[in-house]
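In: Just a sequence and a predicted model for now, questions to come.
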Amino acid sequence: MTEKTGRCLCGSVKFKATPKKAEVGVCHCSMCRKSSAGPFFAIDCGDSLVFDDETTLGVYGSSEWAERGFCNQCGSTIFWRLKDGSANILAIDLFDDPGELKLDHEVFIDEKPDYYSFAEKTHQLTGKQVFDMFAASQESK
Ligand SMILES: [Zn+2]
Ligand SMILES: [Zn+2]
């Protein structure tokens, strides 16, 4: 895919990033739902994320290996990323023009509350399956 621009609600955090695929993922884990007030709709941009302006970017270390970015002026959720910067999962709705997208996968499906579910057919992974996949990809590095 081509490089795309995005910004937070107030416009003070601005970035460019290149999504790996036109595939949106959703995380239902309790941390994502707390920090984004709902399931986290996001797109994998690998290590392509570059900020044009990050003056108001706040970063919160939510676990040993990952951190979450937000705008400390308007509160927009910006990203979930590995602390080593190798994986940047950006909130899809920040993009100015994301192009045509497909809802591809849902992770932490075992933490999804019962009060909603999506009609799209997606690849669904439990939290354990996500951790197992992550461990396997780290071993192969
Ligand atoms: Zn903002
Ligand atoms: Zn999550």
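Out: That came through fine. Ligands and ions are numbered 1, 2, ... in the order given.
In: is F41 in a bridge, and if so with what?
Out: Beta-bridge partners of F41, counted by DSSP bridges, are V26.
In: swap in F15?
Out: For F15, the beta-bridge partners are G6, F51 (DSSP bridges).
In: Over to the residue nearest the centre of the chain: give its phi and psi.
Out: For the chain, the residue nearest the mean C-alpha position is I89 (3.3 Å; Cα atoms, centre = their mean). Note on I89: its backbone torsions stand at phi -100, psi 110 [degrees, to the nearest 10].
In: next one: the one 3 residues further on
Out: Main-chain dihedrals, I92, degrees, to the nearest 10: phi -70, psi -30.
In: before we move on, the earlier item: which residues touch the residue nearest to the centre of the chain?
Out: 25, 42-45, 79-81 (Cβ atoms under 8 Å, 6 or more residues apart in numbering). In this view, the C-beta of every residue, glycine as well, is placed from N, C-alpha and C.
In: got the residues of this structure near ligand 2?
Out: Counting by Cβ under 5 Å from the ion, the chain comes close to ligand 2 at 27, 29, 32.
In: With neighbour count as extra columns, can I get the residues you listed in JSON lines?
Out: Output for those, formatted as JSON lines (neighbours: other Cβ atoms under 10 Å):
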{"residue": "C27", "neighbour count": "25"}
{"residue": "C29", "neighbour count": "19"}
{"residue": "C32", "neighbour count": "24"}
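In: low-confidence ranges in the protein?
Out: Low-confidence segments of the chain (pLDDT under 70): 141.
In: What segments of it are helices?
Out: 30-36, 127-139 (DSSP state H).
In: would you list the contacts of I89 in TSV and tack on distance to D96 and neighbour count?
Out: Rendered in TSV, the data for these read as follows (distance: Cβ to Cβ, whole Å; neighbours: other Cβ atoms under 10 Å):
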residue	distance to D96	neighbour count
G25	20	21
A42	16	24
I43	13	24
D44	18	18
C45	14	25
F79	16	23
W80	20	24
R81	20	21
